[in-house]
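Enquirer: structure, please.
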Amino acid sequence: MKKICALATLVMTLRPAFASIKVVYGVDNRQDVYQTSNALHIKLAKSTAGMIEKNKFVSGLVANTFDLQKITSLERGQNICASDKFSQQPIAPNCSGFLVGPDTLITAGHCYNSFDTPESVCKKFAWVFDYALKSEKADPTKAISINNIYHCKSVVLAQRDDLYDFSIIKLDRRVVDREPLKFRSTGKIANNAALVVIGHPTGLPTKISAGGKVTYNKESTRFSTNLDTFHGNSGSAVFDATTGEVEGILIMGKNDYIPSISSNPESCLTVNTCDDKAKNCTAGDENGTLQYGELVLRIEKIAPFIIKALATK
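Expert: Have a look, this model is predicted:
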């Protein structure tokens with residue numbers, strides 16, 4: 001599937017979450033936050049958030065907390081094979097985003113202007129920080145602190161066209177206990193840069209996926225990578241894995257899943273796998289830019305829009 005799906009469908013099924021779907025390259029590098037020992041990546045994850053429907057929140061048993069309702073597992077919600085990675089974890093976020101100012105968040109443009117108005121999406125969804133597993137058996141859908149839940153106050157800009165795919169969101173208040181991320185404003189990512197992406201693949205709790213690299217660096221507004229990303233990663237920050245600087249926004253990619261039994265399209269789905277050069281995919285190589293892997297919007301190309309938004313209250 002290579003098109004952006006209707007928002008109404010996403011609200012009901014979370015399949016796929018606002019974006020062209022993504023894929024695994026070589027070894028699946030996705031990790032839960034508690035599984036990594038990289039202090040920089042853990043810190044960066046603190047400044048990323050998931051976009052979750054407001055009608056899924058109910059008051060929690062603990063004061064000043066909320067639980068999520070009507071939540072299902074990846075296996076049950078999207079027919080992913082039980083043997084696949086993270087199949088038993090809950091799915092909730094529809095898109096991913098990241099903090100660039102005290103009250104300013106960046107995500108993909110199609111998360112706000114696909115088949116609904118940006119203003120309508122702003123009213124329907126909240127942004128949740130620290131939506132992550134703290135241990136193997138933790139339930140991230142329970143006792144979410146009110147301090148980690150932020151509402152969309154306004155959509156400064158939501159643009160999706162042949163060159164750009166980004167949204168700039170003003171939150172309802174300043175974000176506490178985490179720092180805005182540093183982002184590239186000039187220059188261009190190096191061909192040999194080591195990359196990490198942090199977000200909510202397939203609506204899962206926060207995942208850190210390192211081990212990525214640039215696979216194509218010749219487009220003016222985008223570059224390609226072999227990062228392991230999925231629908232739900234739309235809007236995720238793509239970082240220089242060493243410096244922690246944001247290099248871009250994950251916006252599009254190859255097919256996520258394929259039937260586990262090729263002759264039976266109704267069989268459970270398993271991860272589509274390509275090699276590290278974005279070739280030899282189980283579902284075949286796409287034409288055009290997608291042949292090089294996952295597409296990332298260069299953050300420096302929209303830096304003027306972000307800087308202007310940061311100067312606006």
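Enquirer: what's the longest strand along the chain in contact with?
Expert: With secondary structure taken from DSSP state E, the chain has its longest strand at strand 149-160. Counting by Cβ atoms under 8 Å, 6 or more residues apart in numbering, strand 149-160 makes contact with 49, 54, 57, 66, 103-105, 108-110, 112-114, 118-119, 121-123, 125-129, 165-173, 175, 305, 309, 312, all of which sit outside it. For glycine as for every other residue, the C-beta is placed from the backbone atoms N, C-alpha and C.
Enquirer: list buried residues within those.
Expert: 49, 57, 66, 103-105, 108-110, 112-114, 118, 121-122, 125-129, 165-171, 175, 305, 309 (16 or more other Cβ atoms under 10 Å).
Enquirer: inside helices: which ones of the residues you listed?
Expert: Among the buried ones among the contacts of strand 149-160, the members found in helices (DSSP state H) are 110, 112-113, 118, 121-122, 305, 309.
Enquirer: which of the residues you listed scores worst on pLDDT?
Expert: Ranked by pLDDT, those bottom out at residue 113 (90).
Enquirer: what residues are up against that one?
Expert: Taking Cβ under 8 Å, 6+ apart, one finds 121, 158-160, 167 in contact with residue 113.
Enquirer: tell me the spacing between it and residue 120.
Expert: For residue 113, the distance to residue 120 equals 10 Å [Cβ to Cβ, to the nearest Å].
Enquirer: and if you look at residue 289?
Expert: 30 Å.
Enquirer: ok, residue 176 next?
Expert: 28 Å.
Enquirer: go on, residue 60?
Expert: Distance from residue 60 to residue 120, counting by Cβ to Cβ: 27 Å.
Enquirer: and what of residue 307?
Expert: Taking Cβ to Cβ, one finds residue 307 at 27 Å from residue 120.
Enquirer: now residue 46
Expert: 29 Å.
Enquirer: compare the two and say which is more crowded by neighbours.
Expert: A side-by-side neighbour count of residue 46 and residue 120, using other Cβ atoms under 10 Å, places residue 46 first with 19 against 12.
Enquirer: for the nearest residue to that one once chain neighbours are set aside, give me its contacts.
Expert: What sits nearest to residue 46 in space, not counting adjacent residues and going by Cβ to Cβ, 6 or more residues apart in numbering, is residue 178, at 4.4 Å. Listed by Cβ under 8 Å, 6+ apart, the contact set of residue 178 reads 46-47, 99, 129.
Enquirer: now the residues you listed as TSV including secondary structure, pLDDT and distance to residue 79?
Expert: As requested, these are exported to TSV (DSSP: H, G, I helix; E, B strand; the rest coil; pLDDT from 0 to 100; distance: Cβ to Cβ, whole Å):
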residue	secondary structure	pLDDT	distance to residue 79
46	helix	98	33
47	coil	98	33
99	strand	98	34
129	strand	98	30
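Enquirer: between the ones in helices among the buried ones among the contacts of strand 149-160, which is nearest residue 275?
Expert: residue 110 (27.9 Å; Cβ to Cβ).
Enquirer: give me the below-cutoff pLDDT ranges for the chain.
Expert: Counting by pLDDT under 70, the low-confidence segments of the chain come to 1-22, 285.
Enquirer: against residue 198, how distant is the spatially most central residue of it?
Expert: With the centre of the chain defined as its mean C-alpha position, the nearest residue by Cα atoms, centre = their mean is residue 233, 2.2 Å away. To residue 198, residue 233 is 9 Å away according to Cβ to Cβ.
Enquirer: overlap in contacts of these two?
Expert: residue 96.
Enquirer: what's near enough to touch residue 170?
Expert: 103-105, 152-156, 309.
Enquirer: er, residue 229 actually
Expert: 22-23, 197, 199, 201, 209, 236, 250, 253, 294.
Enquirer: among those residues, which one lies nearest to residue 88?
Expert: Nearest member of the contacts of residue 229 to residue 88, counting by Cβ to Cβ, is residue 201, at 14.9 Å.
Enquirer: what about the spatially closest residue to the closest one that is not a sequence neighbour, how many neighbours?
Expert: Nearest residue to residue 201 in three dimensions, chain neighbours excluded: residue 230, at 3.6 Å (Cβ to Cβ, 6+ apart). Residues contacting residue 230 under the criterion other Cβ under 10 Å number 31.
Enquirer: nice, that's everything, thank you.
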